[in-house]
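Peer 1: Got a predicted model here, sequence first, then my questions.
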Amino acid sequence: MSDQADIHTLMMGLGERARLAARVLAIAPTAQKNDALRKSAALLRERKDEILAANEKDVAAAKANDISAAFIDRLTLDDQRIEAIADGLEQIALLDDPVGTKLAEINRPNGLKIDRVRTPLGVIGVIFESRPNVTADAGALCLKAGNAAILRGGSDSFHSSRAIHRCLVDGLEAAGLSKDGIQLVPTTDREAVGKLLQGLNGNVDVIVPRGGKGLVGRVQQEARVPVFAHLEGICHIVVDQSANLDMALDVIINAKMRRTGICGAVETVLIDQNVAPLLVPQLVDALAEKGCEVRGCQRTAGLDNRVIDATEEDWSTEYLDAIISIRITDDFDQALDHIAQYSSHHTEAVLAEDETVVERFFSEVDSAILMHNASTQFADGGEFGMGAEIGIATGKMHARGPVGVEQLTSFNYRVHGKGQTRP
């Protein structure tokens, strides 16, 4: 049998087993799912040395391939990070179970009673890069929401992900649930990704990509099933002329420099011309002190000679680094026009005390997350009180914003009658 035939058989088997497991998980009691999560967390702690040894193989290979330091940092596990993964599973166990929640109740004049109730999505395919912790996060969130998961990690984290996955599988079995509830694609062959994106003969209901622009772009282009994803996080902060400038300085520095490599990091700041002469020099000082390169429009560069002239490309770039672009705007309307042209519809913030400006911002900006007087780094399911998240979705269908356990469910309508017939 050819290699392609082998991959086809392998992946179709994963899909069929996942569909069978999903039927069981859909009706699994909350206590049983939570038991599996807690047992998996305990196994992660017990097998820490085994996981670290597997991770050393991945890190050594990454270094041999001259991978960037930032990538290696995301890949590397240590005692503290393994404890954080285990703690994350226990936190997911503490979340309310969304399955079976009644969302609405409709009582019709003919006596029909109609309930709208949360149900699992079914089988979720999760494709991710480098971060081995996603193996646990994604598997656990899918399980909590009553779904089966097929996980495909990056080749760089292959050994680490397998070691973590074994803990999840053994946790499922110890709780009396099928080991097929969380499956890991056991090959690094890219053909397996293509099969998963095609839906495995109708057995995959949703794909969630978690990784860089290249991965997400491929998923969005090739997937034959719905996708929860964002291509990139080009996040903006608008500084209105009514803003408290001391607060604005603190918020912008945090939004850029707390963690530059996350999708919620601000990339472009739009500053009203009436406050720019006062704010820009202070902002450039503070950013330069933290090692951040500042690129700006001609008016911005005219206020501080440390500002590098921005190109057209800068306005549409997700830096994921200690680089920021600044544009001085004539007014609030111009700021809104800039966002409409360059936003990736992830997260935007406005810093303003004028309530009319705030209301216009919330009404007119079309992004998944909108913030007022707060750092864009709060674009995170945990910060929204949702617990862990599987990612941020920028689409408009079904899930938008942080994708947590509730977003990993759908719903159905349950109609109760007493013999009614339709005339």
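Peer 2: All right, it came through fine.

Peer 1: Which strands or helices does the host helix or strand of Leu20 pack on?
Peer 2: According to DSSP states H and E, Leu20 maps onto helix 3-25. Where contact means 3 or more Cβ pairs under 8 Å, 6 or more residues apart in numbering; DSSP states H and E, helix 3-25 is packed against strand 123-128, strand 148-152, strand 182-184, helix 190-197. Yep, even glycine has a C-beta here, placed from its N, CA and C like the rest.

Peer 1: could these go into a markdown table alongside mean pLDDT?
Peer 2: Converted to a markdown table, the helices and strands packed on helix 3-25 look like this (pLDDT from 0 to 100):
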| stretch | mean pLDDT |
| --- | --- |
| strand 123-128 | 96 |
| strand 148-152 | 97 |
| strand 182-184 | 98 |
| helix 190-197 | 95 |
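
Peer 1: Which one, of the ones you listed, ends up nearest to Thr394?
Peer 2: Closest to Thr394 of these, according to Cβ to Cβ: strand 123-128, at 16.9 Å.

Peer 1: Tell me which strands that closest one pairs with, and in which orientation.
Peer 2: strand 148-152 (parallel), strand 206-210 (parallel) (DSSP bridges).

Peer 1: Identify whichever of the helices and strands packed on helix 3-25 lies nearest to Ile237.
Peer 2: Nearest of the helices and strands packed on helix 3-25 to Ile237, taken as Cβ to Cβ: strand 123-128 at 28.4 Å.

Peer 1: ok now that closest one, how far from the chain's centre?
Peer 2: Distance of strand 123-128 from its chain centroid, counting by Cα atoms, centre = their mean, to the nearest Å, is 12 Å.

Peer 1: which residues touch it?
Peer 2: Contacts to strand 123-128, defined as Cβ atoms under 8 Å, 6 or more residues apart in numbering, come from residues 15, 18-19, 22, 134-135, 138-139, 142, 147-154, 193, 196-197, 200, 203-211, 215, 219, 225, 390, 408.

Peer 1: quick revisit: just the strands paired with strand 123-128: most buried one?
Peer 2: Of the strands paired with strand 123-128, the one with the most neighbours on average (mean count of other Cβ atoms under 10 Å) is strand 148-152, at a mean of 28.

Peer 1: Run through who's touching it.
Peer 2: 14-15, 18-19, 21-22, 25, 122-128, 135, 138-139, 142-143, 161, 165, 180-185, 192-193, 196, 200, 204.

Peer 1: and if you look at stretch 328-343?
Peer 2: Contacts of stretch 328-343 (Cβ under 8 Å, 6+ apart): 234, 236, 238, 240, 268, 270-273, 276, 280, 296-297, 299-300, 315-316, 327, 348, 357, 360-361, 364-367.

Peer 1: What is the helix or strand just after the helix holding Leu20 packed up against?
Peer 2: Downstream of helix 3-25, the first helix or strand assigned by DSSP H and E is helix 30-46. Packing partners of helix 30-46 (3+ Cβ pairs under 8 Å, 6+ apart): helix 79-94, helix 133-144, helix 158-174.

Peer 1: Next, the buried residues of the last one.
Peer 2: Read it as helix 158-174. 158-172 (16 or more other Cβ atoms under 10 Å).

Peer 1: any residues touching that helix, and which ones?
Peer 2: So helix 158-174 is contacted by 35-44, 47, 50-51, 53-55, 57-58, 75, 77, 85, 132-133, 135-136, 139-140, 143, 151, 153, 178-179, 181-182, 184, 186, 188 (Cβ under 8 Å, 6+ apart).
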